[in-house]
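Asker: compute the structure for the input listed below.
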Amino acid sequence: MAGFLRLSGSALVALFLWLVPFCATAADITFDTEPLQIISTGGKIHRFTAELAVDSDQRAHGLMDRRFMPRDRGMLFDFGQTRQVMMWMKNTYLPLDMLFIAKDGKVETIRENAVPQSEAIIDSRVPVAFVLELNGGTVRRLGIATGDIVDSPRISGATP
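Answerer: As a prediction, this is how the structure comes out:
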């Protein structure tokens, strides 16, 4: 019996060590950044640095578990196609403003002050290619509105 337990324990350890590299944890998910600007219909320019959520792990994790984000930062989700998008705030501690953006950079829909940790669905209502998440209150503070243009290397196509 002791030999069986030892073998089972060894097999379990071997299996664990084999699986560890394949298990992505929150600490393993990293985001590249790029400059981003929002150009209002009146011509005013608001500059940010955006973290890029471009693969499925990055998009699934987003800003979850964050307790702080500088005022001039945000996260840009690139869905790789134009479609109706649904987001939620589960495990997200920051209130967020969400800008739902068409492929050409035009802001189509805005959802302000999404409730932290809510599982309520936040719907783009129209097909979009990108979502920009900013700190809650940024839209109101800067006067960002539908029809404004969001521009960055990723949106303009300069980034593959």
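Asker: okay, helices next: where are they in this structure?
Answerer: 2-19, 56-61, 138-142, 153-156 (DSSP state H).
Asker: need the contact list for Ala145.
Answerer: Shown in contact with Ala145 (Cβ atoms under 8 Å, 6 or more residues apart in numbering): Ser40, Thr41, Val107, Ile110. (C-beta placed from N, C-alpha, C; glycine too.)
Asker: which of the residues you listed are buried?
Answerer: Neighbour counting with 16 or more other Cβ atoms under 10 Å marks Ser40, Val107, Ile110 as buried within these.
Asker: next, give phi and psi for the residue nearest the centre of the chain.
Answerer: The chain has Gly62 as the residue nearest its centroid, 3.7 Å off, counting by Cα atoms, centre = their mean. Main-chain dihedrals, Gly62, degrees, to the nearest 10: phi 50, psi -130.
Asker: give me the nearest residue to it, chain neighbours excluded.
Answerer: In space, and not counting its chain neighbours, Gly62 is closest to Ala53: 5.8 Å by Cβ to Cβ, 6 or more residues apart in numbering.
Asker: can you tell me how far that neighbour is from Met69?
Answerer: 13 Å (Cβ to Cβ, to the nearest Å).
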